[in-house]
Every structure is written in C-alpha cells, then in structure tokens.
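Student: Provided below are the primary sequence and the corresponding predicted coordinates.
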Amino acid sequence: MSLRAETNVPISKNYQENVDFLNKKLGVNESFDVIVRELTVGGKKLAIYSINGMVGRPASNLILEAFLETERAELIVNTLEKLVKSKIVDLQVSEVEAMDEVIYFILSGAMAVIVEGKEQAIIVDVRSYPTRQPEEPDVERVTRGSRDGFTETLIFNTVLIRRRLRDPGLRIKLVKAGSRSKTDVCIVYIEDITNPKLVQYIEKEIKNIKIDGIPMAEKSVEEFILGSKFWNPFPRVRYTERPDVAAIHLLEGNVLVMVDTSPSVIIAPCTLWHHVQHAEEYRQEPVVGAYLRWVRFLAILASVFLFPLWLAAALNPHLLPENLRFIGVAEPAKVGLLLQAFIGEIAIDILRMAAIHTPSPLATALGLIAVLMLGDIAIEVGLFTPEVIMYLSIAAVGTFATPSYELAQANRLARLFLIVMVGLFNFWGFAAGVLALFILLLRTKSFGVPYLWPLIPLDFKALMTIIVRYPVPVANLRPSIFKPKDRIRQPQERTSPS
C-alpha cells in the first residue's frame, strides 16, 4: 500500500495505535529533527509532535505551561475541549480527524497533540521558519519607492499584500501541490474585481498537478497550469518580487500565484506590454515617466533588431545607398562576420553566467578581464572587428535594460534567430524572420488573452496608456480584455482648499 493511501486514515481512539502509526510514518527513530514528547495531563496520555527548528520556542513554552497548569488541576473529564477553549487562547488552534492532515501540519511546522481516547488531534500553529527580512529585489530596483520585497516565506508575502490592500474583497486561497512535497500555493485576487472564471481555472489546474514535488516552485506551477511550449520562448506570465507591483495588478483584475519557498510571484494573465513597463516610470513625473518608457522601448527594439539588421547591411554593402556605406566594416577580420556574431553572442552569455557565479569581491576583476583581455585582444589579433563589438554591446545593453528577465532571454533567442535568417537569406531573411516573430507573438495567448493586446486587437484607449505614461487619475481604468466584474469608480471632483 502506498504512503498516501496509508496516511489517509482516521485518528483512532486507541492512543498507542496513533503514536505507533505516526512514529513509523515520520521516522521518529531515524530522523533526529522529529521531536516527540509524551506527557500525562489530567489523567490522560498526550503525545506532542513537532519538527526541531520549525517551531517557535516562546510559543512552544507557552503551550507546555498550559499543559502543566492543567496537570496540576483536578482530574478533567474533557481535557481536549478544556485546552482548546480556555488554555491556548493566543495561538491559532484547530482540530483534525485524519492522519494525513496531522502529518501535513507536523511537516509544515505546526505542533500536533494526540490525546488518549480522542478521535481528534489538536493542531497549534507555532511555526517559525528560518527566513530573511524583506529586501529590495535586485532585478527591480527603483530610484525612489519602497525597499521591501517578497521573501521565501509565504506568510510574509501575504502580509505585504494585505498591508497595501485593506480591501475586504481580497481573497487568498491556499492550495497544496505535489503528492509528496505538499507545497503551499496561494491564489490571490480581489473577489469583486477579478473574472471568477479565471480564478476557477487556475485553482482547478493547480489542484490537478500530478507530481511528487515542485522544487522549482513558481516555474513548475506555471508550466503545469499553462503547459510548456518548447518552441515559444516568450513568457506568458509575469514575475515580480515587488509587493507594490503585485498590488496594482490585483486592482487591475489580475490573479497572483504565490508559491512557498519562492520570492517570485506569478501575475496572470499578462500581455507583451506587461513585460516592458517598470515601476520607475510611476515614481517620476508623468512626462519623465513617458520619456523613460520611450527610451526603454527603443533599447528593447535595438536589442532585438539592430545587430541582425546591421549584419545584413555589412554582408551586402553593395545593396546600400552611397550615403550609408559607412555603416559597413572598415577592415575585415580573419573570421567571417556571421561566425563573429555567433562567437560574440555566446561569449556574452558566458560572461553573464560567470558574473552570476562570481563572488562580489571578484566581480570587478571579472569585468577587467572581459573588457581588456578579451575585448581588446580579440580585436588586435583579428578575431573581431570593432563594428561587431560595438553592435553586440548595444544589443547587450538593450537586453539588460529590459525590465523582464524572462522577456530579455526570449529576445536574445529572437536575435539569434534573426542572425541565422540573415546568414541564410540576407535582407530577405531578416524580413522573413521579423514576420515569423510577429506571427508567433500574434498566436501567443496568456490564459486566453491575446499577447499583443491592446495593439491587436486594437483598443485605442488602452493602447494610449501604454504609449504614454498618463497621470494616475487619468489612467484609472482596468484592462477590458481581463473581463473584470466591475469598473473603476470615477473619483469625485476635487476642489482647491480655500
């Protein structure tokens, strides 16, 4: 019989049978961190189960004091009700009737109490996980704004959302995923705003996850609920580690999916334009924010199209007008341009991975090696032309300027695809590659939402909020494509103070 089937049994009135069952399943004699303490309280035997390191010491001491006080009192006929109703008053206490629930709570960090003669177990939430304090995410920094960010502890993340949205309609549903890991997954939405069909679909798909565990947390959940399309690199959900970004998306009708042990939160559904906006734009004046947005759009376009387009021109200088011949190669290198392009792209990825794995004190040394020893010497020996280095650098800077790390990786693959098409078919290959990428984006959907909305299908009013960073009172609307249940209430007319 499988472990799952064996644990799905009711709690017995036989105290010793329950203790033997839990000791066997939890490996009490084999795992040093599974703590069992047996007491006699009010004339009844108790077994207290917990995991060392996951239980807060002050709270556990409080519970033991409550038990000892009861032990010194007169013989109590109904010890369970007495403990639940009158002794443990400042902690979350519940009763469960199945062994699989008892094991789940113990392994989640709660304290379980088995009472002699009772078919219920007391679950006291005294969890105290090792955690780090909320810090500003490294990939979503802003010049001004909040410096807190999501952590690996689920309850911390839900509190950061509650702090920003004191809305009674905010709902945080807890679902378990993984037959062995029992990972906690939260579905967060605002009940009177979000499309209920979207919530039902996401909840159903998470409950249908059939796997032992999801150690890769949110990425595993995404692939299960959306399905993995190997040929499509463009992200169909947005990730964020900023509570303010997550909160504003809830007000727009999106759904958040939080997975325990991960600071990255899934925002669903999303479009391409969700990945190209940044919180920094909303921390500046509207005209400054609009300027920053246009510069960012230009950098993203340059990261995808500029280098392949230059490569097509450099490979076919005779096709260029006389006044554009200067953009070609002044002095050819010993290696062909196409091979230079591939070597350069791979070298940038290698340097990026090396920077991730390099300790901070050595990061400066890595930069000096990359710039002086690799870049300059490669030009001197004739491996690269200066023009290739320059355009590759522009593409790399545009990639780093992309707010979404997932979109930046997808754009890198799109650029490589265009380079291959240019190498095969020159300018015609570039045009065909751009068309193929456009068709791919056109066919991509996120939970049924067109990826290019509001450009295709056209929603002019929503499109203007993407092109221009409107002031908040003017841009106070919810995306109609998400089919929200209500509309934004128009703010009352404000009068100047006298």
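Tutor: Alright, I've got the coordinates. Numbers count the residues shown, from 1 in each chain.

Student: so what pLDDT did the closest residue in space to Asn195 that isn't next to it in sequence get?
Tutor: Using Cβ to Cβ, 6 or more residues apart in numbering and skipping the chain neighbours, the partner closest in space to Asn195 is Lys483 (4.6 Å). All C-beta atoms are positioned from the backbone trio N, CA, C, and that covers glycine. We note a pLDDT of 74 for Lys483 in this prediction.

Student: With the one 10 residues further on instead?
Tutor: Predicted confidence (pLDDT) for Glu493: 39.

Student: go on, Gly289?
Tutor: pLDDT at Gly289 comes out at 89.

Student: count of residues packed around it?
Tutor: Counted with other Cβ atoms under 10 Å, the neighbours of Gly289 add up to 20.

Student: can you confirm Val36 is in a strand?
Tutor: Yes - checked against DSSP: H, G, I helix; E, B strand; the rest coil, Val36 lies within a strand.

Student: What residues does it make contact with?
Tutor: With contact taken as Cβ atoms under 8 Å, 6 or more residues apart in numbering, Val36 is in contact with Val19, Leu22, Asn23, Val28, Ala47, Ile48, Tyr49.

Student: For the second one, which non-adjacent residue is closest in space?
Tutor: Read it as Leu22. Leu22 sits nearest to Tyr49 (Cβ to Cβ, 6+ apart), 6.3 Å away.

Student: sorry, back to before: wait, isn't the residue nearest to Asn195 in contact with Pro196?
Tutor: No - contact criterion Cβ atoms under 8 Å: Lys483 and Pro196 do not qualify, at 9.7 Å.

Student: So for those two, which residue has more residues nearby?
Tutor: With neighbours defined as other Cβ under 10 Å, Lys483 and Pro196 compare such that Lys483 has more, 15 against 12.

Student: The more buried one and Thr271, how far apart?
Tutor: According to Cβ to Cβ, to the nearest Å, Lys483 and Thr271 sit 14 Å apart.

Student: domain assignment for this structure?
Tutor: Following automatic domain parsing, one finds the domains of the chain at 3-124, 138-270, 284-450.

Student: looking at those domains, which has the lowest confidence?
Tutor: Taking the mean pLDDT of the domains of the chain, domain 3-124 comes last: a mean of 77.

Student: Please name the residues that touch Ala268.
Tutor: Leu198, Ile202, Val237, Arg238, Asn254, Val255, Leu256, Val257, Ser446, Phe447.

Student: In helices, which of those fall?
Tutor: Those of these mapping onto helices are Leu198, Ile202, per DSSP state H.

Student: neighbour-wise, which of the contacts of Ala268 leads?
Tutor: Asn254 (29 neighbours).

Student: who does the nearest residue in space to that residue that is not next to it in sequence bridge with?
Tutor: Nearest residue to Asn254 in three dimensions, chain neighbours excluded: Ile267, at 5.3 Å (Cβ to Cβ, 6+ apart). On the basis of DSSP bridges, Ile267 is bridged to Arg238, Leu256.

Student: Go ahead and confirm Ile267 touches Arg242.
Tutor: No - the criterion here is Cβ under 8 Å, and Ile267 misses it with Arg242 at 10.7 Å.

Student: In contact with Ile379: list those residues for me.
Tutor: Neighbours of Ile379 in contact, by Cβ under 8 Å, 6+ apart: Thr385, Pro386, Ile389.

Student: got it, and Ile267?
Tutor: Val237, Arg238, Tyr239, Thr240, Val245, Ala246, His249, Asn254, Val255, Leu256, His274.

Student: at 10 Å what do you get?
Tutor: Taking Cβ atoms under 10 Å, 6 or more residues apart in numbering, we find Ile267 in contact with 237-240, 245-246, 248-250, 252, 254-257, 274, 446.

Student: what's the answer for Gln133, then?
Tutor: Taking Cβ under 10 Å, 6+ apart as the test, what Gln133 contacts is Asp148, Gly149, Thr151, Phe156.

Student: just Trp428 next, same as before
Tutor: Neighbouring residues of Trp428 by Cβ under 10 Å, 6+ apart: Ala312, Met421, Val422.

Student: and the helix or strand containing the first one, what does it pack onto?
Tutor: Following DSSP states H and E, the helix or strand that holds Ala312 is helix 307-315. The criterion is 3 or more Cβ pairs under 10 Å, 6 or more residues apart in numbering; DSSP states H and E, and the helices and strands that helix 307-315 contacts are helix 337-357, helix 386-400, helix 405-443.

Student: switch the cut-off to 6 Å
Tutor: Contacts defined by 3 or more Cβ pairs under 6 Å, 6 or more residues apart in numbering; DSSP states H and E place helix 307-315 against helix 386-400, helix 405-443.

Student: So for the first one, what gets flagged as buried?
Tutor: What it means is helix 386-400. Glu387, Val388, Ile389, Tyr391, Leu392, Ile394, Ala395, Ala396, Gly398, Thr399 (16 or more other Cβ atoms under 10 Å).

Student: Which pair in the residues you listed has the greatest spatial separation?
Tutor: The most widely separated members of the buried residues of helix 386-400, counting by Cβ to Cβ, are Glu387 and Thr399 (18.8 Å).
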